[in-house]
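Student: Let's see this in three dimensions:
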Amino acid sequence: MICAAGLLVCFPLAAQSPQEQDMTQIHITMSGSPGAEFSAHWRITHEGETTEHVEESGTVPAEYTFTGTELEGTVKLLSDDERLEVDIQKGSNRSRSSTQGAGGTLTVSIR
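Tutor: Model prediction:
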């Protein structure tokens with residue numbers, strides 16, 4: 001990145017087109033029963049590198065946005081008598097999953 005001294009503006013050396021950017025932005029929406037608790041383990045691959053993001057105790061509603069070409073994840077509902085819905089979008093690809101009751105586990109992926 002090139003940053004001008006004294007300014008708060010930085011410009012990447014190689015900018016992505018909006019279409020390329022849409023294909024690397026992965027947006028996750030966690031919905032369902034408000035206040036439902038979950039744990040999540042996300043593995044994001046971008047340019048050959050894999051990073052992990054772990055959420056030990058998240059609550060609904062929640063949203064995450066990652067930059068990557070692939071995402072794999074495991075989400076576990078921790079609350080009794082609650083519902084969890086996971087919506088993942090990358091460009092025009094969309095994955096939707098849901099589970100109900102404590103211990104319900106979802107394994108999701110999108111490319």
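
Student: Which of the helices or strands spans Val75?
Tutor: For Val75, the host element (DSSP states H and E) is strand 70-77.

Student: State the pLDDT value of Glu56.
Tutor: Here, the pLDDT recorded for Glu56 equals 95.

Student: related to what we said a few turns ago, tell me the buried residues in the strand holding Val75?
Tutor: By neighbour count on 16 or more other C-beta atoms under 10 Å, the buried set for strand 70-77 is 71-73, 75-77. C-beta coordinates here come from the backbone N, C-alpha and C atoms, glycine included.

Student: Can I get these in TSV including distance to Thr107 and pLDDT?
Tutor: Listed next are the buried residues of strand 70-77 as TSV, based on distance: C-beta to C-beta, whole Å; pLDDT from 0 to 100:
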residue	distance to Thr107	pLDDT
Leu71	12	95
Glu72	8	96
Gly73	7	96
Val75	8	97
Lys76	10	97
Leu77	13	97
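
Student: Point out where this structure drops to low pLDDT.
Tutor: 1-22 (pLDDT under 70).

Student: Can you show me the helices along it?
Tutor: All helices of the chain, identified by DSSP state H, fall at 18-22.

Student: and the strand holding Val75, what does it pack onto?
Tutor: Helices and strands touching strand 70-77, by 3 or more C-beta pairs under 8 Å, 6 or more residues apart in numbering; DSSP states H and E, are strand 25-32, strand 37-46, strand 83-90, strand 93-100, strand 105-110.

Student: quick one: contacts of the last one?
Tutor: Taking C-beta atoms under 8 Å, 6 or more residues apart in numbering as the criterion, the residues outside strand 105-110 that touch it are 26, 70-77, 84, 86, 88, 90, 93, 95, 97-99.

Student: how about 6 Å then?
Tutor: Counting contacts by C-beta atoms under 6 Å, 6 or more residues apart in numbering, the residues outside strand 105-110 that touch it are 71-76, 86, 88, 90, 93, 95, 97, 99.

Student: Show me which pair in these is furthest apart.
Tutor: Farthest apart among the contacts of strand 105-110 by C-beta to C-beta are Lys76 and Asn93. That separation is 23.5 Å.
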